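Engineer: quick check, what structure comes out for this input:
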Amino acid sequence: MELRFASRMKDYEEGIFQVLNEKKEELVREGRKVYNLSVGTPDFQPQQAIMDAVAEAARKPENYKYALRDLPELTEAVISRYKKRYGVELEPDEIMSVYGSQEGIAHIGLSLCDREDIVLVPDPGYPIFAIGPSLAGARLMTYDLTEENHYLPDLEALGGLADKAKFMIVSYPMNPICKCAPHSFYEELIPWAKKHELIIIHDNAYSDIIYDGRKGISILSIPGAKEVCVEFYSLSKSFNYTGARMGFLTGNRELVQNFKKLRSQIDYGTFLPVQYGAIAALTGPDEPVLKQCEEYRKRRDALCGGFRSIGWNVPDSEGTMFAWAPIPEGFEDDTAFVMELMEKTGVLCTPGSSFGELGKGHVRFALTLPVETITEAVEAVKESGILAK
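Structural biologist: Below is the predicted model of the structure:
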């Protein structure tokens, strides 16, 4: 029997990530030192109070039943966090949990789009921004993020397309390009979206990992935002709760409740011990989050400044747990460069082309190793002579 799969599966080849992983494993088998700066998995531990809350809840047999809903205490914790951190007032029916922002973004298009509806996504952009709407049968239209426009969408140029689109995905601080948006951009975006009757979906994964005096905000803090916006808020990076898969959709009541209806068909609720851990995270002190951001800043300086000191122009990341850089002079293909870099130095990063057409000629580094190890990686690149090509 010939098994026939959905044609969409052609868009989801394992591709470069599988090749990189196989090459990494080959180097490890050879006894080579590998500096894995490719995957954005935090290496910090969750706060002890978070782990204790999960462990205590996990010891109670009644917490192994279907949750079916978010605990009222969890919803109140989100309300408290948004008020304290962003100055945003939320109502309980403006909040729902998701299995991390990745899952939420993957599925929200199913609650909004009919086949061939237009969705605006960034280029470069995190892959799920495009994959999610495509699963809903939407027609993807990319908007360019270029240095000439300060890595912001050109709203004036997008006006005609915005009139035809169902929603637009925006994210700052943005993975992979590591840029932030000024407050003035959001103040322009909201009335623009209202004018064009365009829903804005904001991915707010990195507002607690931001550098050099910049301030991470919620888009919902902008006047009028709730009329057209929802925001995904994740505990993965701020609280190192990555594997627990805990995130939230907040904002416009109708959009939240509409998505909640869809997820009620496929979801029996988040495991209760995970919810109790999330409550501990959301109601805990800010100091560990700020301390962690400072450690990421030190790693950024070691990586970006270190590479610049040996002749590779790697700009300072403005936010996120990543750094984004053009490939060195003398190279033309980012994937080929990544493979050569790994072979010659053991340093593993991600080709920019994995993030869209405009990512070509770039690479992304994850700041997931200690400063001392990053310094070793920089030295390995220097000693390899690869930059002298």
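Engineer: CA only for contacts and neighbour counts going forward, please
Structural biologist: Noted.
Engineer: residue boundaries of the helices in this protein?
Structural biologist: Ranges of helices within the chain are 15-29, 48-58, 72-86, 100-112, 128-135, 155-162, 183-195, 253-263, 272-283, 287-300, 306-309, 334-345, 371-384, based on DSSP state H.
Engineer: closest one to Asp212 among these?
Structural biologist: Across those, Asp212 has its closest neighbour in helix 287-300 (8.5 Å, Cα to Cα).
Engineer: coming back round to it: mean neighbour count added to the helices of the chain, as a markdown table?
Structural biologist: A markdown table is the format used below for the helices of the chain (neighbours: other Cα atoms under 10 Å):
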| stretch | mean neighbour count |
| --- | --- |
| helix 15-29 | 14 |
| helix 48-58 | 16 |
| helix 72-86 | 17 |
| helix 100-112 | 20 |
| helix 128-135 | 22 |
| helix 155-162 | 14 |
| helix 183-195 | 16 |
| helix 253-263 | 18 |
| helix 272-283 | 22 |
| helix 287-300 | 18 |
| helix 306-309 | 18 |
| helix 334-345 | 19 |
| helix 371-384 | 18 |
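Engineer: out of these, nearest to Met9?
Structural biologist: Met9 lies closest to helix 128-135 among these, at 10.2 Å (Cα to Cα).
Engineer: ok, and what's touching that closest one?
Structural biologist: With contact meaning Cα atoms under 8 Å, 6 or more residues apart in numbering, helix 128-135 is reached by 102, 105-110, 113, 119, 121-122, 139-140, 169.
Engineer: any idea which of these is closest to Asn258?
Structural biologist: Ile108 (9.3 Å).
Engineer: what pLDDT does the closest one get?
Structural biologist: pLDDT recorded at Ile108 is 98.
Engineer: equivalent analysis for Glu116, please.
Structural biologist: Looking at Glu116, its pLDDT is 94.
Engineer: number of nearby residues for it?
Structural biologist: 13 (other Cα atoms under 10 Å).
Engineer: how is this structure divided into domains?
Structural biologist: Structural domains annotated on the chain: 7-45+287-384, 48-285, as defined by the TED database.
Engineer: going by mean pLDDT, which of these comes out lowest?
Structural biologist: domain 7-45+287-384 (a mean of 93).
Engineer: who's in contact with the spatially closest residue to Gly40 that is not a sequence neighbour?
Structural biologist: Of all residues not flanking Gly40 in the chain, Ala366 sits nearest, at 5.5 Å (Cα to Cα, 6 or more residues apart in numbering). Ala366 is in contact with 37-40, 321-323, 349, counting by Cα under 8 Å, 6+ apart.
Engineer: mind redoing it with 10 Å?
Structural biologist: Shown in contact with Ala366 (Cα atoms under 10 Å, 6 or more residues apart in numbering): 36-42, 176, 299-300, 303, 320-324, 348-350.
Engineer: filter those down to the buried ones.
Structural biologist: The neighbour-count test (16 or more other Cα atoms under 10 Å) marks 36-42, 176, 299-300, 303, 320-324, 348-350 as buried among the contacts of Ala366.
Engineer: Asp11 and His107: what is the separation?
Structural biologist: Counting by Cα to Cα, to the nearest Å, the gap from Asp11 to His107 is 17 Å.
Engineer: ditto for Cys304
Structural biologist: 35 Å.
Engineer: likewise for Cys178?
Structural biologist: Distance of Cys178 to His107, computed by Cα to Cα: 25 Å.
Engineer: returning to that earlier point: and the buried ones among the contacts of Ala366, which of them are in strands?
Structural biologist: Among these, the members falling in strands (DSSP state E) are 36, 322-324, 348, 350.
Engineer: show me which pair in those residues is furthest apart.
Structural biologist: Within those, Asn36 and Trp324 form the most distant pair, 15.3 Å apart (Cα to Cα).
Engineer: just checking, Gln47 touches Ala281?
Structural biologist: Yes - between Gln47 and Ala281 there is a contact under Cα atoms under 10 Å: 7.8 Å.
Engineer: please report how far the residue nearest to Lys360 when sequence neighbours are not counted lies from Asn36.
Structural biologist: Once flanking residues are discounted, Lys360 sits nearest to Ser353: 4.3 Å by Cα to Cα, 6+ apart. Distance, Ser353 to Asn36, using Cα to Cα: 18 Å.
Engineer: pretty sure Thr41 contacts Leu367?
Structural biologist: Yes - using Cα under 10 Å, Thr41 is in contact with Leu367, at 9.2 Å.
Engineer: can you check which residues contact both of the two?
Structural biologist: Both Thr41 and Leu367 are contacted by Met321, under the criterion Cα under 10 Å, 6+ apart.
Engineer: which ones are touching the closest residue to Cys229 other than its chain neighbours?
Structural biologist: Counting by Cα to Cα, 6+ apart, Ile200 is the residue found nearest to Cys229 once chain neighbours are left out, at 4.7 Å. For Ile200, the contact set (Cα under 10 Å, 6+ apart) comprises 120, 166-170, 189-190, 193-194, 219, 225-231.
Engineer: hmm, try it at 6 Å
Structural biologist: Neighbour list for Ile200: 167-168, 229 [criterion: Cα atoms under 6 Å, 6 or more residues apart in numbering].
Engineer: turn the residues you listed into CSV, columns for neighbour count.
Structural biologist: Formatted as CSV, these follow (neighbours: other Cα under 10 Å):
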residue, neighbour count
Phe167, 24
Met168, 23
Cys229, 25
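Engineer: distance to Ser238 for those - can I get that in TSV?
Structural biologist: TSV is the format used below for those (distance: Cα to Cα, whole Å):
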residue	distance to Ser238
Phe167	27
Met168	25
Cys229	22
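Engineer: now, those that are in strands?
Structural biologist: Using DSSP E, the contacts of Ile200 in strands are 167-168, 229.
Engineer: so which of the residues you listed comes closest to Ser97?
Structural biologist: Cys229 (16.5 Å).
Engineer: quick check: the closest one vs Ile201, distance?
Structural biologist: Cys229 is 6 Å from Ile201, by Cα to Cα.
Engineer: give me the beta-bridge partners of the residue nearest to Gly40?
Structural biologist: On the basis of DSSP bridges, Ala366 is bridged to Phe322.
Engineer: and Pro127, how many residues sit next to it?
Structural biologist: Residues near Pro127, counting by other Cα under 10 Å, number 17.
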